[in-house]
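Peer 1: Sharing a model prediction with you, sequence too.
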Amino acid sequence: MTKYHAIRDQLLDRLDTMAPGEQLPPERVLVRELGVSRMTLRRATDELVASGVVRRRPGAGVFAVGPKLDTALSATSFTEDMRARGLRPGSAILSFERRAAGARIGRRLEVSPAADVVHVTRLRLADDEPMSIEALYIPEGTVPGLSPEDLENASYYDMLRTRYDVTIARGVQTIEPTVTDEEESDKLGVPLHSPALLFERTSWTAEGAVVEFVRSIYRGDRYQIRTELSVPQ
Ligand code: 16G
């Protein structure tokens, strides 16, 4: 193990005992305590910053970040997911339009390219902290009369159930690594080209109608995926 990896592990051990938001001792103190050069300590700290374990506030120091949110691979909504963790879900509408599906989205929604779709982009928040950006596409016929205000700080899945009497019966999701572009970084409050998870989800009713195609970018420094593994019999 390289020297800086060993220092990184020592810092991780120390962070395990710290509360989110607590500050690491100043660099000069750590250099003395750990018996390393300033450069090695910097390198180890940089790696922890990049992986989202700590946050550096210029002029203030380095602070512990809470554990990442585990997301299970199920057809839950963002709202349900956040509530289950005791966090306050929120969403801000970034754009809302009705337009023709076009070939690519038409294929995803299983409608003709000329069919009307609602295209909404939302910033999703947990306790006011930006977590993801969602681009949601819905066949217009599924949600007649839907307005941007309806989705502001509200759950799309709840609305489907209560207002449109639609229940999601199954979904397919892919997950890929990506990095944030300029706009995403700005909205999510992370540096340009930060690691992120790209989710694409299609959901169907029991009758086989597509009710959403969603492309979401989740912050890689705040999210990880947890899966229960079944053992092949
Ligand atoms: C989640 C889903 C998204 C769905 C949304 C509904 C992922 C990757 N995506 O964000 O497909 O549209 O929940 O949330 O999990 P809502 O009911 O809170 O609006």
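Peer 2: Looks like it arrived, so ask away.
Peer 1: use CA for all of it now, contacts and neighbours both
Peer 2: OK.
Peer 1: Is the helix or strand of the chain with the lowest mean pLDDT positioned near the ligand?
Peer 2: Lowest by mean pLDDT, DSSP states H and E among the helices and strands of the chain is strand 69-72, with a mean of 76. No. Strand 69-72 is not in contact with the ligand by Cα under 6 Å from any ligand atom; minimum separation 7.9 Å.
Peer 1: Who are the packing partners of that strand?
Peer 2: In terms of contacts (3 or more Cα pairs under 8 Å, 6 or more residues apart in numbering; DSSP states H and E), strand 69-72 is packed against strand 223-226.
Peer 1: re earlier: and the next helix or strand past the least confident helix or strand of the chain?
Peer 2: Later in the chain than strand 69-72, the nearest helix or strand by DSSP states H and E is helix 78-84.
Peer 1: in whichever helix or strand comes after that next one, what counts as buried?
Peer 2: Following helix 78-84 in sequence order, the next helix or strand is strand 89-100 (DSSP H and E). Of the residues in strand 89-100, Pro89, Gly90, Ser91, Ala92, Ile93, Phe96, Ala100 count as buried by neighbour count, 16 or more other Cα atoms under 10 Å.
Peer 1: Over to stretch 170-183?
Peer 2: For stretch 170-183, the neighbour count (16+ other Cα under 10 Å) marks Gly171, Thr178, Val179, Thr180 as buried.
Peer 1: For Ile225, state which of the residues you listed is nearest.
Peer 2: For those, the closest approach to Ile225 (Cα to Cα) belongs to Thr178, at 14.6 Å.
Peer 1: Can you tell me the number of residues neighbouring His119?
Peer 2: Per other Cα atoms under 10 Å, the neighbour tally for His119 reads 21.
Peer 1: If you could redo that for Phe63, that was the one I meant.
Peer 2: 21.
Peer 1: now, among the buried residues of stretch 170-183, which is nearest to the ligand?
Peer 2: The ligand lies nearest to Gly171 out of the buried residues of stretch 170-183, by Cα to the nearest ligand atom, at 8.9 Å.
Peer 1: quick one: strands adjacent to whatever helix or strand that closest one lives in?
Peer 2: Gly171 is part of strand 168-179 when elements are defined by DSSP H and E. Strand 168-179 has its sheet partners listed here by DSSP bridges as strand 195-205 (antiparallel).
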